[in-house]
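Asks: Structure here, sequence nowhere to be found:
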């Protein structure tokens with residue numbers, strides 16, 4: 001059991017901190033530029049979505065790393081990666097070397113898998129008896145994330161005329 005908990009901790013921390021740092025880079029490294037880019041991709045208002053993406057990546061990333069509210073932090077990852085993959089990367093094909101959706105797909109898929117396994121014993125949720133895993137965790141993460149992404153896209157996404 002120790003090896004499983006160690007493996008889950010390593011995956012949670014690597015993916016969570018990577019995602020949080022990605023959000024911090026958006027917020028600190030030029031949120032106005034991110035907002036302009038989002039607007040040019042069809043997410044309007046761009047600044048609102050830049051802050052939403054940055055905040056979601058930071059909050060969900062750190063929550064995922066800590067194993068806190070685990071199916072819901074994974075739901076946020078699935079949702080933000082689904083929107084990013086659809087809006088910013090799908091037109092470029094699969095591979096990230098061509099700005100494709102590979103990276104967003106892997107992060108969202110890992111979040112879905114983690115939601116199914118649960119955060120492990122070495123987590124905030126376990127400490128407070130908040131464990132939701134297995135099918136319920138997977139369904140919350142995937143269905144919730146996709147419903148949120150589709151809702152956001154339905155309300156706010158207006159693809160540029162070239163599409």
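Replies: Right, received. Where do you want to start? Model, not experiment: these values are computed from the prediction. Numbering: from 1, shown residues only.
Asks: Can you give me the distance of residue 47 to residue 94?
Replies: According to CB to CB, to the nearest Å, residue 47 stands 30 Å off from residue 94. In short, each C-beta sits where N, CA and C put it, glycine included.
Asks: the more surrounded of these two?
Replies: residue 47 (15 against 12; other CB atoms under 10 Å).
Asks: For the more buried one, list the residues it contacts.
Replies: By CB atoms under 8 Å, 6 or more residues apart in numbering, the contact set of residue 47 is 31-32, 35, 38-39.
Asks: Please convert the buried members of these into ChimeraX selection syntax.
Replies: To isolate the buried members of the contacts of residue 47 in ChimeraX, using 16 or more other CB atoms under 10 Å:
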select :31,35,38,39
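Asks: List the buried residues in the host helix or strand of residue 10.
Replies: Per DSSP states H and E: residue 10 is located in helix 2-28. For helix 2-28, burial by neighbour count (16+ other CB under 10 Å) applies to 8-9, 11-12, 15-16, 19-20, 22-23, 26-27.
Asks: go on, stretch 80-88?
Replies: Going by neighbour count (16+ other CB under 10 Å), the buried part of stretch 80-88 is 80-88.
Asks: Over to stretch 35-49?
Replies: 35, 37-39, 41-43, 46, 49.
Asks: Among those, list the two that are farthest apart in space.
Replies: Within those, two members stand farthest from each other by CB to CB: 35 and 42, at 13.0 Å.
Asks: Mind checking which of the contacts of residue 47 are in helices?
Replies: Taking DSSP state H, the ones among the contacts of residue 47 that sit in helices are 31-32, 35, 38-39.
Asks: Tell me the one among those residues nearest to residue 133.
Replies: Taking these together and measuring to residue 133 by CB to CB, the closest member is residue 38, at 33.5 Å.
Asks: from memory the closest one sits against residue 50, does it?
Replies: Yes. Using CB atoms under 8 Å, residue 38 is in contact with residue 50, at 5.4 Å.
Asks: So for stretch 88-101, mean pLDDT?
Replies: Across stretch 88-101, pLDDT averages out at 91.
Asks: can I assume residue 160 sits in a helix?
Replies: No. Under DSSP: H, G, I helix; E, B strand; the rest coil, residue 160 sits outside any helix and is assigned coil.
Asks: count of neighbours near it?
Replies: For residue 160, the tally of surrounding residues (other CB under 10 Å) stands at 9.
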